[in-house]
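**Q** Got a predicted structure plus its sequence, pasted below:
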Amino acid sequence: MTNHITERTYFLLKGKLASPLLSGSGETEETENDIVVDQFQQPFVPGSSLAGAFRHYIGNRFPDTKDIPKTGKLDESVSDLEKLFGGNERQSRLTIHAMMIEHEKLTIRNGVKLDENKTAIEGALYDYQVIESGASWTIRLEWIVRAQDKEAETTKGREILNALLIGINEGEVTIGAKTNRGFGKLQLDTVYHRTFDYRNKLEVLNWLKWDWSKEVDTKNSLMKEYPLTGIELTQLKPIQEYCLRVPLKLETTLMIRSYSSEKKNKEDEKESDYASLQSNGQPVIPGTTWTGAIRARLNTIIKTILKNDRESILLNELFGSDSEKRASRIRVEESTLEGSRSLLITRNAIDRFTGGTVEGALYTGEQAVGGTTELIIRWSEQKDSVLSKDEICGMLLWVIKDLQNGLLAVGGETSVGRGVFCAIESQSITLNGENIAGEQSFFKAAINKVKEREKDAN
């Protein structure tokens with residue numbers, strides 16, 4: 001008996017980019033990492049990239065989906081994750097089409113690696129192309145059910161798909177590169193679905209006449225809106241996720257320089273030599289900037305406690321390590337500075353020996369002044385982790401307290417007073433939506449962990 005298809009369900013997802021997207025092609029025509037485009041120069045994200053991101057999310061959010069049942073039968077010794085996404089000897093039940101992007105704005109961003117003194121490392125300046133937030137996207141999914149599938153397997157597969165859609169809707173699923181630094185976050189606006197039951201001949205005929213383009217381009221769509229609320233995931237066991245939100249107010253000015261900013265006209269070019277990084281007309285603080293500042297300050301704090309050079313173990317656990325090929329444990333999102341205004345400031349370079357101005361070193365920069373923002377840090381529980389939730393939260397709160405009290409500046413030109421933030425009195429730091437109470441317990445957990453690391457070294 002052939003294992004023929006008995007049911008086919010189509011999903012049409014529509015939304016917008018909630019943060020910049022970096023989907024690199026490996027080409028270097030415009031930058032050192034250009035985005036992927038089709039033959040019409042339209043940006044897109046390949047289905048293989050989406051499949052990898054979706055599979056990674058489900059496997060990490062619901063670890064039990066990776067478990068292989070001990071049935072003793074070879075054909076049943078397959079994890080739920082492999083049943084849906086396929087494996088080395090198993091075809092995927094889920095077809096994922098490329099994500100098409102429209103109304104996009106392409107910009108060039110820069111990155112630079114800094115040493116402990118915030119000095120640029122020679123040869124470590126790079127640039128890359130991104131699609132700015134706000135662009136519209138469309139994703140098409142196709143899920144099949146076969147005759148020999150058990151009802152429990154089909155139900156589990158449907159729950160995994162539901163969990164994936166909910167994850168996209170809640171901003172937990174990210175795609176592309178630099179996702180741990182705030183890139184690739186999606187905003188899901190609408191989900192449509194259409195199921196064809198192959199056991200009904202009329203449904204088969206309808207499927208033969210059906211076309212994706214009719215659903216996308218016409219108002220007479222056969223697809224129905226798919227509800228994302230009220231769905232119970234009874235068979236899935238998610239790991240605990242944490243989200244730390246810190247409201248901040250900019251006390252001074254902010255300069256996160258954009259070396260590749262586009263000039264509107266020649267007059268603008270004469271007015272300023274460089275501008276602050278913006279996304280859709282608003283100043284932003286990239287996740288890379290937040291992470292660099294947080295890591296550097298936490299490194300300083302831990303060094304004052306430890307009497308040895310063991311701080312790198314804790315830092316690598318939190319922020320990842322290139323040498324150990326370890327990904328960052330925490331995800332720091334990009335922040336938008338709201339309610340700010342721009343200000344042109346002209347400065348001169350001074351000769352440190354004579355005290356006079358350097359010839360030709362007059363320059364004007366466009367700064368962001370005032371405004372409020374929110375620092376968002378996410379992480380998840382891990383079984384074999386060196387750090388617990390309380391220890392991670394305590395270490396992050398060490399740095400956040402410095403940030404709220406103006407002791408830690410963010411961005412460039414901090415030596416002249418830029419990048420200083422303060423707390424907003426009417427708003428509190430929250431963990432998973434609840435105000436943090438009893439900060440001392442988190443601080444105690446963090447200090448005990450650091451001292452424990454020192455004892456282990458001795």
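**A** In hand now; what should we look at?
**Q** where does E159 land in three-state SS?
**A** What DSSP: H, G, I helix; E, B strand; the rest coil gives for E159 is helix.
**Q** lowest confidence element among the helices and strands of the chain?
**A** Lowest mean confidence among the helices and strands of the chain (mean pLDDT, DSSP states H and E): helix 266-271, at a mean of 50.
**Q** ok, T28 to S19 distance?
**A** With distances taken as CB to CB, to the nearest Å, T28 is found 24 Å from S19. C-beta: built from backbone N, CA, C; applies to glycine.
**Q** more crowded one of these two?
**A** S19 (28 against 9; other CB atoms under 10 Å).
**Q** Verify the stated contact: the more buried one with G182.
**A** Yes. At 5.5 Å, S19 counts as touching G182 under the criterion of CB atoms under 8 Å.
**Q** Overlap in contacts, these two.
**A** The overlap between the contact sets of S19 and G182 (CB atoms under 8 Å, 6 or more residues apart in numbering) consists of E333, E334.
**Q** pLDDT at E338, what is it?
**A** The confidence metric pLDDT takes the value 94 at E338.
**Q** Pull the contacting residues for it.
**A** With contact set as CB under 8 Å, 6+ apart, E338 has these partners: Q282, G371, T372, T373.
**Q** What does the second one show for phi and psi?
**A** Note on G371: backbone dihedrals following degrees, to the nearest 10 are phi 110, psi 170.
**Q** what's the closest non-adjacent residue to it?
**A** For G371, ignoring the flanking residues on the chain, the nearest one in space by CB to CB, 6 or more residues apart in numbering is S340 at 3.0 Å.
**Q** Show the contacting residues for the one you found.
**A** If you count contacts by CB under 8 Å, 6+ apart, S340 has them with L250, L254, Q282, P283, A368, V369, G370, G371.
**Q** between those residues, which has the most around it?
**A** The most neighbours, when these are compared by other CB under 10 Å, belong to L254, which has 30 neighbours.
**Q** and the gap between that residue and E452?
**A** 38 Å.
**Q** With E334 instead?
**A** Taking CB to CB as the measure, E334 falls 34 Å from E452.
**Q** and what of A135?
**A** Plainly put, A135 is 47 Å away from E452 if you go by CB to CB.
**Q** And these two? Which one has more around it.
**A** Comparing A135 with E452 by other CB under 10 Å, the one with more neighbours is A135, at 19 against 11.
**Q** Setting aside sequence neighbours, what's the nearest residue to the more buried one?
**A** On the basis of CB to CB, 6+ apart, the spatially nearest residue to A135 that is not a chain neighbour turns out to be E104, at 4.0 Å.
**Q** what does E381 give?
**A** Using CB to CB, 6+ apart, the nearest residue to E381 is Q240, at 4.2 Å.
**Q** go on, G26?
**A** Take G26 and drop its neighbours on the chain: the residue closest to it by CB to CB, 6+ apart is N33, 7.6 Å away.
**Q** related to what we said a few turns ago, residues contacting the residue nearest to E381?
**A** Contacts for Q240 were tallied using CB under 8 Å, 6+ apart; they are S380, E381, K389.
**Q** State the mean pLDDT of the strand or helix carrying V399.
**A** Using DSSP states H and E, the element containing V399 is helix 389-404. Taken as a whole, helix 389-404 has a mean pLDDT of 95.
**Q** helices or strands up against it?
**A** Judged by 3 or more CB pairs under 8 Å, 6 or more residues apart in numbering; DSSP states H and E, the packing partners of helix 389-404 are strand 241-250, helix 287-305, helix 311-319, strand 372-380, strand 421-423, helix 439-457.
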